[in-house]
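S.K.: Requesting a structural model of the entry that follows:
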Amino acid sequence: MRDIYKGYRQEAISLMKKFQIRVWSEILITTVRGEFSGIVLPRSEKDDERHLVIKIASGYNVGIALDSIVTIKELGYREAHYHIPEKEFPFSKGKKRIKLLGTGGTIASRLDYRTGAVIPAFSPGELYGAVPELADICNLSTEKLFAVFSENMGPAQYKVLAKAIEEAVVEGYEGIVIGHGTDTMHHTAAALAFMVQQSPVPIVIVGSQRSSDRPSSDAALNLIHAVYTAAESDIAEVSVCMFGPTSDEYGLIHRGTRVRKMHSSYRSTFRTIGDIPLAMVHAGKIKYLQKGYNKRRSDRTISIMPTFEEKVAMVYYYPNMQADIIDSLVANGYKGIVIAGTGLGHVNKPVYPSIERAIKKGVAVYMTVQTLWGFTHMFVYDTGRDLMSLGVIPAENMLPEVAYVKLGWALGQTYDLVKVKKLMLTPVCGEITDREPYNGYLVFQGGVPEVEEFIRKHHK
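M.R.: As a prediction, this is how the structure comes out:
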């Protein structure tokens, strides 16, 4: 009998018995705050005991506080089976072979209401059942490397991914897609761009901001765009393919070393910084926006350098930052420090002695700018000149995260700081550019007349 209350504790069960409802009942709840309608969901093991959880018509889940409920009326009963149908992925002669490497994330998934966790669908059959359009694009194979949230991705996973990419290329796959959580996707993209060079095929990283059980999910369309990019594009580089605008109009293909997640929840969160995207993808078409990228080749030659020194830190400077932050990193054996400085690359004078001590102990210290856009110009003001005289090296216009990843990669190859400097300041895959184009810096400010006029014209 308890199964009809799936996970709920005594207080909630008493209330559900009182109003003769159960899990999967379609209900109308009257509360002290108003009325809510939806389907009663099983209680997650990690949820508190003071709420009744319902799925409302929009597809979102809402917790209703038990002590706010006045009455509940059952309107019907709809037991949900959150299962992705699995069908055999059809093989089509003439279509390209694409390898999908999984690290976690929610590209296609179902929701486990026992734990509240999203369970990814990953086999070719599951993906075909969830996104049948993939069969129109390619012959898909999958390999699950990890099942982790993206915040748990790091150097150990980067190295495994790099080697898996090499194996897929040698095996003859004509494009590679990597399913990844969005939070640290740009870190992984940068790491793979340095570890995997001269690839003959596209390597496309993709994820979703909103899981597949939500009506506003971007999962399926992102996956379609990424797989199409891997199969049909000419861009043989590490890239990130995600929503362009917040709507379903098109996806953007971003270079792996110039992309950054810029919003916590928008579907259009990924943006190319200091440049423009490589291409747009939509409805079986790719529109190239740049020409300067590595082109697809027919050979199987690829260069893999899966090295990374884990004792590298990124420090975001703030006013009144104390010198002991730098000293503690050195004391704990860190080999490299990337500073995201203010303006053109500055920190306060009280930090100078600790930076000098770090450099004298052989720590590689590089400066980037927390403005994100623009170059590190440390020769303009005395502050920058003083820091350079201590041995701090400006990292051109590398994004802070990219400089951090590249420094870890460089120190993984050598501790010779002269060689590290050469590696750091020699462009490898677009992380340093000669200049930033005028349209590589566009930050619209709502409220001003010209922006409001643009929005009215193009996004009604």
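S.K.: Quick one: classify residue 4 as helix, strand or coil.
M.R.: In the three-state summary, residue 4 is assigned as helix, counting by DSSP: H, G, I helix; E, B strand; the rest coil.
S.K.: is it fair to say residue 38 lies in a strand?
M.R.: Yes. Under three-state DSSP, residue 38 falls within a strand.
S.K.: which residues touch it?
M.R.: By Cβ atoms under 8 Å, 6 or more residues apart in numbering, the residues touching residue 38 are 26-27, 54-57, 62. C-betas here are computed from N, CA, C, even on glycine.
S.K.: next one: residue 323
M.R.: So residue 323 contacts 350-351, 353-354 (Cβ under 8 Å, 6+ apart).
S.K.: what number of residues lie near the closest residue to residue 394 other than its chain neighbours?
M.R.: Among residues not flanking residue 394 along the chain, residue 376 sits closest, at 3.9 Å (Cβ to Cβ, 6 or more residues apart in numbering). Applying other Cβ atoms under 10 Å, we find 26 residues neighbouring residue 376.
S.K.: picking up where we left off before, between the contacts of residue 323, which is nearest residue 287?
M.R.: Closest approach between these and residue 287, by Cβ to Cβ: residue 351, at 46.5 Å.
S.K.: State the distance from the nearest residue to the closest one once chain neighbours are set aside to residue 352.
M.R.: Nearest residue to residue 351, sequence neighbours excluded (Cβ to Cβ, 6+ apart): residue 323, at 5.2 Å. Residue 323 is 8 Å from residue 352, where distance means Cβ to Cβ, to the nearest Å.
S.K.: cool, residue 241 as well?
M.R.: Counting by Cβ to Cβ - residue 241 and residue 352 are separated by 43 Å.
S.K.: For the contacts of residue 38, which entry has the maximal number of neighbours?
M.R.: residue 27 (22 neighbours).
S.K.: how close does that residue get to residue 48?
M.R.: 20 Å.
S.K.: just residue 270 next, same as before
M.R.: Counting by Cβ to Cβ, the gap from residue 270 to residue 48 is 34 Å.
S.K.: what's near enough to touch the residue nearest to the spatial centre of the chain?
M.R.: Central residue of the chain (Cα atoms, centre = their mean): residue 182, 2.2 Å from the mean position. Applying Cβ under 8 Å, 6+ apart, one finds that residue 182 lies in contact with 105, 150, 207-209, 242, 261, 269-270.
S.K.: Check residue 41 too.
M.R.: The neighbourhood of residue 41, defined by Cβ under 8 Å, 6+ apart, consists of 23, 53-55, 61, 113.
S.K.: In TSV: the residues you listed, plus distance to residue 158.
M.R.: Shown next, in TSV, are these (distance: Cβ to Cβ, whole Å):
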residue	distance to residue 158
23	42
53	37
54	41
55	37
61	34
113	34
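S.K.: For those, name the two members farthest from one another.
M.R.: Most distant of the contacts of residue 41, by Cβ to Cβ, are 23 and 61, 13.2 Å apart.
S.K.: more neighbours, the two?
M.R.: residue 23 (22 against 18).
S.K.: Quick check: phi and psi at that one.
M.R.: Here is the backbone geometry of residue 23 (degrees, to the nearest 10): phi -60, psi 140.
S.K.: Quick check: pLDDT value at it.
M.R.: Looking at residue 23, its pLDDT stands at 88.
S.K.: go on, residue 45?
M.R.: Value for residue 45, per-residue pLDDT: 62.
S.K.: How about residue 142?
M.R.: pLDDT, residue 142: 88.
S.K.: Helices of this structure, start to end?
M.R.: Under the criterion DSSP state H, the chain carries helices at the ranges 10-18, 124-130, 155-170, 185-195, 219-232, 324-331, 352-360, 382-390, 400-411, 417-425, 449-458.
S.K.: Quick one, which of those gets closest to residue 439.
M.R.: helix 449-458 (14.1 Å).
S.K.: Cool, thanks, talk later.
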